[in-house]
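Undergrad: Sequence and computational prediction follow.
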There are 2 protein chains.
Amino acid sequence: MTLVGVGPGDPELLTVAAVRAIRAAATVAYPVAREGGEGMAAAIAAPWMAPEQRRLPLVFPMVDDADARRRAWQEAADRLAAEVAAGRPVVLLCEGDVSLFATASYVLLALRARHPGCPVRLIPGIPAVAAAAAAGGWPLALQREGLLILPTPEEPEALEALLERAAAEGWVLALLKLGRRWPWVRPLLERRGLLAEALFARRVGWPDQQVMAAAAVEPEAVPYFSLLLVRQGCAAVLP
Amino acid sequence: MTLVGVGPGDPELLTVAAVRAIRAAATVAYPVAREGGEGMAAAIAAPWMAPEQRRLPLVFPMVDDADARRRAWQEAADRLAAEVAAGRPVVLLCEGDVSLFATASYVLLALRARHPGCPVRLIPGIPAVAAAAAAGGWPLALQREGLLILPTPEEPEALEALLERAAAEGWVLALLKLGRRWPWVRPLLERRGLLAEALFARRVGWPDQQVMAAAAVEPEAVPYFSLLLVRQGCAAVLP
C-alpha cells in the first residue's frame, strides 16, 4: 500500500513518483468529509487516474468527537488492508504532504496498530506552505532562521506570545487554518506593523488561488483553506 | 526565468511542473561549490535534462566571507538575466524546496534588486524534511502540534533551551545541518530520553540514503547532509 501526498491543489505539483504510484494502483482511495462527497485530494489527482481504476472514498468526518474520528481511521485502515489482502495494489491520496497535518498519518498509525504486517510506503508531497511561498516569491527561511509551521492559535494572547518568541529567535511563522480567526488576527498584525509584509495565501494551486499581501485581505473575511506567512525583520546578509 | 526546486535527491521526487520547466529550457543553470564542480541539484535533475541543453554552472562558494557570497549571488543574477535578455528560456535548479534555506532565495533577492523587470517564476520542491519523514514513516505534525525547522544550534545550551520550549509548546523539531554537532547532540538527547524515538536521516533519496533511529548512529560520526526529527510526547488522540 502506498500513501501518496498529492500537493496543495495543482495537478502539476504531484511528483513523478506520485503519478507513477497512482497509475500502478488497482484501487485509488481518498478522503471525503461525508458519504457521496468529492474529496479534494481526488480532485487534485484526477488527471492522473484512469476510468478503470476502482475508487474507494473513505469518510473522515470533520467533527470534534474524538471517538468518531478514531473509528474512521480504524475503518479506513481495515478497508485499505483488505485491498492489499485481496491482491489489489492500493494508494491512499492525501492533500499536501503525506506527513504534515495529514489524514495519512492517522491511517498509518491505525495500520501499524491493527495490521502490523501490512507493508506501507509513503511518497512525500509539496506542502501548501512551500507552494504558497513559491507563488508569492517569498523566501521561507534564510541562513540561520527557523520556520515554524502550526495552526493559528485560538486566542490573541497566544498569537502575541508566539510573535514575540519568533521575533526574538529569528523564526518565520507559517500560520495555518486562518479562517474564522482572521477578524482578530488582522488588527493584531496591524498593531505590530506586520500586515504589509505578511503573505496571505488561499487555495494555493487551485484555479481560484489568492496570493497577496495580508494588508489586501478584507478585515471581515473568513478565509477558509488559507494560511499566512509572517517574517519579522530580515536575515543579516542579503544581496 | 524559472527557479526550480528539484527535491532532496531522488529524480522521481521532482514535480511534473519541474520536469516540464526543465525540458522547456534552453539553458539549465545550477549551483556548484567551485569551478568544475558537479553540483547536487544538477545530479538530481540529470535524468530530465537533454544533451543539447546549454549548461550554466554558477559558483556559490561555501565560505564565511559575506562579501564573497554576496558577489556570487549578484553575478548569478546577472548571468541568468543575460540568458533571458538573449531570448533563451532558463531554469535555475535548486536542491530541496526553492524557498527553504535555498540558494534560489538569494538569487531571487539579487534579481529583484539588480534586474527588477526580469520575470521570475518559482516551482516548489519536496523539502528534505518531508522526504525524511516519508522514508521513515514518521508523522511530522498532528492536530495542534507545530513543526519547527531550523539549523541545529551551535551550542548545547541553545539546543537544551529549544528542546524545552518545543516540549512545552507541543512542537516537533527538524534539526538541519547536524554534521559536526552530532558528537555533543547525541549525549544530550540520550540524557533527555529522546534518542530512541528521534529519527535520523542522511542523504535522503540518494542511493546511499540512511534513515534510522538516532540511537543507531555512532557517537563519533560526523554525518554531513543529515537531519534529525525530534518528537517529545505524542498528540493526545491516536488510533
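TA: Received it, and whenever you're ready, just let me know what you need. Numbers count the residues shown, from 1 in each chain, chains lettered A, B, ... in the order given.

Undergrad: alpha carbons only for contacts and neighbour counts from here, please
TA: OK.

Undergrad: Can you give the domain ranges for chain A?
TA: A:2-123, A:128-230 (automatic domain parsing).

Undergrad: Let me see the contact set for residue A:215.
TA: With contact set as C-alpha atoms under 8 Å, 6 or more residues apart in numbering or on different chains, residue A:215 has these partners: A:195, A:196, A:198.

Undergrad: near chain B at all, the longest helix along chain A?
TA: Ordering each helix of chain A by length in residues (DSSP state H) puts helix A:66-85 first. Yes. Using C-alpha under 8 Å from any C-alpha of the partner chain, we find that helix A:66-85 touches chain B at A:66, A:70, A:71, A:73, A:74.

Undergrad: ok, and the most crowded of these?
TA: The most crowded member of those, judged by other C-alpha atoms under 10 Å in any protein chain shown, is residue A:73 (27 neighbours).

Undergrad: is it true that that residue touches residue A:60?
TA: Yes. Counting by C-alpha atoms under 8 Å, residue A:60 is a contact partner of residue A:73 at 7.3 Å.

Undergrad: still on that earlier bit, may I ask which of the contacts of residue A:215 comes out lowest in pLDDT?
TA: pLDDT is lowest at residue A:196 among those; the value there is 86.

Undergrad: and that residue, that's in a strand?
TA: No. Counting by DSSP: H, G, I helix; E, B strand; the rest coil, residue A:196 is not part of a strand but coil.

Undergrad: Just give the closest residue to it, not the sequence neighbours.
TA: Excluding the flanking residues, the one nearest residue A:196 by C-alpha to C-alpha, 6 or more residues apart in numbering or on different chains is residue A:215, at 5.4 Å.

Undergrad: what residue lies at the spatial centre of chain A?
TA: residue A:96 (4.4 Å; C-alpha atoms, centre = their mean).

Undergrad: For that residue, give me its contacts.
TA: Neighbours of residue A:96 in contact, by C-alpha under 8 Å, 6+ apart: A:5, A:6, A:7, A:8, A:9, A:102, A:125, A:126, A:127, A:128.

Undergrad: repeat that with 10 Å
TA: Neighbouring residues of residue A:96 by C-alpha atoms under 10 Å, 6 or more residues apart in numbering or on different chains: A:4-9, A:13-14, A:41, A:44, A:102, A:124-131.

Undergrad: same thing with residue A:89?
TA: A:1, A:2, A:21, A:22, A:24, A:25, A:26, A:27, A:28, A:80, A:83.

Undergrad: One more pass at 8 Å, please.
TA: Per C-alpha under 8 Å, 6+ apart, neighbours of residue A:89: A:1, A:24, A:25, A:26, A:27, A:83.

Undergrad: so how far is residue B:16 from it?
TA: From residue A:89 across to residue B:16, the span is 23 Å (C-alpha to C-alpha, to the nearest Å).

Undergrad: for residue A:61, same thing?
TA: 31 Å.

Undergrad: now swap in residue A:156 and tell me
TA: From residue A:156 to residue B:16 the distance is 40 Å (C-alpha to C-alpha).

Undergrad: More neighbours: those two, which one.
TA: When neighbours are counted by other C-alpha under 10 Å, residue A:156 and residue B:16 differ, and residue B:16 comes out ahead with 18 against 14.

Undergrad: so what's that one closest to, chain neighbours aside?
TA: residue A:12 (5.0 Å).
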